[in-house]
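> Mind folding the following:
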Amino acid sequence: MTCTDPATLDGLAWLACYLTTGKHMAFYTSFGTVLLLLAVTAPTALLFGFGGAVAARARLAPIRAVGKTYIAIVRGVPDIAFFLFFVIALDQGIEYLRHRVLCPDWDEPVRRGSDFVVCSIAKLPLNTAPQWQHEIYGFGLAVVTFAIVFGAFAANVLYGAMMAVPRAQIETAEAYGMSRGQAFRRILVPQMWVYALPGLSNLWMVLVKATPLLFLLGVEDIVYWARELGGTKTPNFTDYPHGDWRLWYFLALLVFYLLLTKVSEQVLERLMKRLTFGQATTGGMAR
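The predicted structure is shown next:
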């Protein structure tokens, strides 16, 4: 079977050639982009969250204020507004620092009304850079943005989990000669995950549902390609004309997210059983 002349094809042959075009290959690859985002963002957000929780319960007031401010501000701003603002601010901040270093003789303002103008060598990536560098840079900005936003929610969950560990256990550890840091690492941190996992599980589900926001960040994700491929295509502009097929493409996304959610629930349930094994429940029974 050849796909060189789609006009001569019909039925399953036409459909097979249509589903293996270059754009469809990019569509299939974008599913991997979503999974990669989740795989990178989840631990990064957890790291931000752990740092925020530790800072929020620090003894020093300035550090404690930083942790609580981070949690309060990021959690108080709608996700979509933060995504649209922070990505632009971070991108321009990086380019401005590069501009100051690489173009010290520049004597014109970088702010010209609503435009932000830096010297050409300060652009990141450079205009002459290959497309893959632009895609990696955009993906990196998306990861940082997602990690900061969901890190604030994770920080709130972990902070509550740390406070839920009985204080008497920490005092007992210190009475046996452990330092504050040792009691934190050996007693508090291992036990807090049992209290934190239900909240972190919900946060993971929210993160999964938030991945379509990649479309707003300029990343060619599954939503972008579903809209692009599913829209009406006329014979004058494509070799594979069709009507409005967005319903079917978004139905595929629905199935993908349902499967991902189901797998996530099973993994989290097993993790919860492992963490609570041997611990007494509120009813007095041991697992």
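
> CA atoms for contacts and neighbours, from now on please.
Noted.

> and the residue nearest the centre of the chain, what does it touch?
The centroid of the chain falls nearest to Phe146 when counting by Cα atoms, centre = their mean (3.9 Å). Neighbouring residues of Phe146 by Cα atoms under 8 Å, 6 or more residues apart in numbering: Thr41, Ala45, Phe83.

> In helices only, show me these.
Judged by DSSP state H, the contacts of Phe146 include Thr41, Ala45, Phe83 as members of helices.

> need those in TSV with distance to Phe150, pLDDT and neighbour count, can you?
Output for the ones in helices among the contacts of Phe146, formatted as TSV (distance: Cα to Cα, whole Å; pLDDT from 0 to 100; neighbours: other Cα atoms under 10 Å):
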residue	distance to Phe150	pLDDT	neighbour count
Thr41	9	93	23
Ala45	6	94	24
Phe83	11	79	22
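
> Relative to Ala164, which of those is nearest.
Of all the ones in helices among the contacts of Phe146, Ala45 has the smallest distance to Ala164: 21.3 Å, by Cα to Cα.

> The closest one contacts Thr145, doesn't it?
No. With contacts counted by Cα atoms under 8 Å, Ala45 stays clear of Thr145, the gap being 9.5 Å.

> Now do Ile121: how many residues are near it, please.
15 (other Cα atoms under 10 Å).

> returning to what we had before: could you export the ones in helices among the contacts of Phe146 to a markdown table, including columns for distance to Val118?
Formatted as a markdown table, these follow (distance: Cα to Cα, whole Å):
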| residue | distance to Val118 |
| --- | --- |
| Thr41 | 30 |
| Ala45 | 31 |
| Phe83 | 23 |
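
> Which of the residues you listed lies at the shortest distance from Asn156?
Top of the list for closeness to Asn156, among the ones in helices among the contacts of Phe146 and by Cα to Cα, is Ala45 at 12.0 Å.
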